[in-house]
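Visitor: pasting the structure only:
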């Protein structure tokens, strides 16, 4: 028996000092700090937010949050029945409908502008590199600076850039508050969102355009195909995977955007989306239970988008 135990110990000792075991321990040692940060800053807050969404948590019991009363689905019910969340008619869409309209419209417009820019920059011309660098500016510039520049351009005072130009051209009689007009404010934040993120779509589409075999276009020229026919039957089929991936990724990211709208309009004048509503429940009303419930509803919608991405886009990757 002693001989068997000593044999097992010696075998374990050899495995412990082997190169494979030492590499495995080194890998775990290198991963551990990152895993600890991810758990502390991402996983734990997410799990704790789920827990809060089923409890009554506010300023009155924030010092004893772990003993907060369990309310089940009441927070979710309160959010869905809240006037700021649900559709109230054409005059008040609610955060849910506004989020869908804002996300889909901004994503489609981002994709279209990115496609047009990529097609233009794919052509050889003098200064193409400089043009590509300029087109990247909206995407790499800090959102705070971009938001304040747009607010300066659309300032409701007569000194605002757009108001000043239109007044001097006699196109308007009085200065307008563009970001404080219901309907127009939502259109403007959609346009600004598309302008800010079209370089992301442009880069991905441009990379795919440069990988298309040029012999396809040469064969089309021999057959007498015009520019539209080549775009429809060669370019678009070659871009279908990239366009689908960009659409779903940008849709998920736009649906989860908070800073753009908050810095431009504060969520007012018909631009309140679910991330802004989450902020208002949590840090203006200090109802952390309802705020977490709103975040969970947002998470459910994002999970649906992710499922579509995995099912549609990743399936195409496996087939190709």
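Guide: Good, I have the coordinates. Fair warning: this is a prediction, and the values are worked out from it, not measured in the lab.
Visitor: low pLDDT regions in the stretch 201-320 of the chain?
Guide: Applying pLDDT under 70 to the stretch 201-320 of the chain flags the ranges 313-320.
Visitor: at 90 what do you get?
Guide: Within the stretch 201-320 of the chain, the ranges that satisfy pLDDT under 90 run 207, 210-253, 255-260, 266-270, 282-285, 297-320.
Visitor: which residues does residue 180 contact?
Guide: For residue 180, the contact set (Cβ atoms under 8 Å, 6 or more residues apart in numbering) comprises 156, 265, 268, 269. The way it works is simple: take the backbone N, C-alpha and C, and place the C-beta from them, glycine included.
Visitor: any chance of these in JSON lines, with secondary structure too?
Guide: As requested, the contacts of residue 180 are arranged in JSON lines below (DSSP: H, G, I helix; E, B strand; the rest coil):
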{"residue": "156", "secondary structure": "coil"}
{"residue": "265", "secondary structure": "coil"}
{"residue": "268", "secondary structure": "coil"}
{"residue": "269", "secondary structure": "coil"}
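Visitor: between those, which sits nearest residue 192?
Guide: residue 265 (10.3 Å; Cβ to Cβ).
Visitor: okay, now the closest residue to the closest one other than its chain neighbours: neighbour count?
Guide: Of all residues not flanking residue 265 in the chain, residue 271 sits nearest, at 4.6 Å (Cβ to Cβ, 6 or more residues apart in numbering). By the criterion of other Cβ atoms under 10 Å, residue 271 has 25 neighbours.
Visitor: what residues are up against residue 271?
Guide: Per Cβ under 8 Å, 6+ apart, neighbours of residue 271: 98, 102, 185, 186, 189, 261, 264, 265.
Visitor: can you check residue 93 too?
Guide: Residues near residue 93 by Cβ under 8 Å, 6+ apart: 87, 101, 270.
Visitor: against residue 99, how distant is it?
Guide: Remark: distance between residue 93 and residue 99 (Cβ to Cβ, to the nearest Å) = 9 Å.
Visitor: out of the contacts of residue 93, who's nearest residue 177?
Guide: Comparing the contacts of residue 93 against residue 177 with Cβ to Cβ places residue 270 closest, at 13.1 Å.
Visitor: thinking again about what came up before, of the contacts of residue 93, which is the nearest to residue 23?
Guide: residue 101 (52.3 Å).
Visitor: so residue 31 belongs to a strand, correct?
Guide: No: residue state for residue 31 (three-state DSSP) corresponds to helix; a strand is not indicated.
Visitor: burial of it, as a residue count?
Guide: 11.
Visitor: read off the pLDDT value for it.
Guide: The confidence metric pLDDT takes the value 90 at residue 31.
Visitor: quick check: it vs residue 178, distance?
Guide: Residue 31 is 50 Å from residue 178, by Cβ to Cβ.
Visitor: can you check residue 249 too?
Guide: Applying Cβ to Cβ, the value for residue 249 to residue 178 is 30 Å.
Visitor: how close does residue 48 get to residue 291?
Guide: 13 Å.
Visitor: mind checking which of these two has more residues around it?
Guide: residue 291 (26 against 12).
Visitor: may I see the buried residues of the longest helix seen in the chain?
Guide: Looking across the chain with DSSP state H, the single longest helix is helix 94-121. Judged by neighbour count using 16 or more other Cβ atoms under 10 Å, the buried positions of helix 94-121 are 94-96, 98-100, 102-103, 105-107, 109-111, 113-115, 117-119, 121.
Visitor: could you do stretch 212-230 as well?
Guide: Those would be 220, 225, 230, for stretch 212-230 by 16+ other Cβ under 10 Å.
Visitor: nearest to residue 253, of these?
Guide: For those, the minimum distance to residue 253 (Cβ to Cβ) is 31.7 Å, reached by residue 230.
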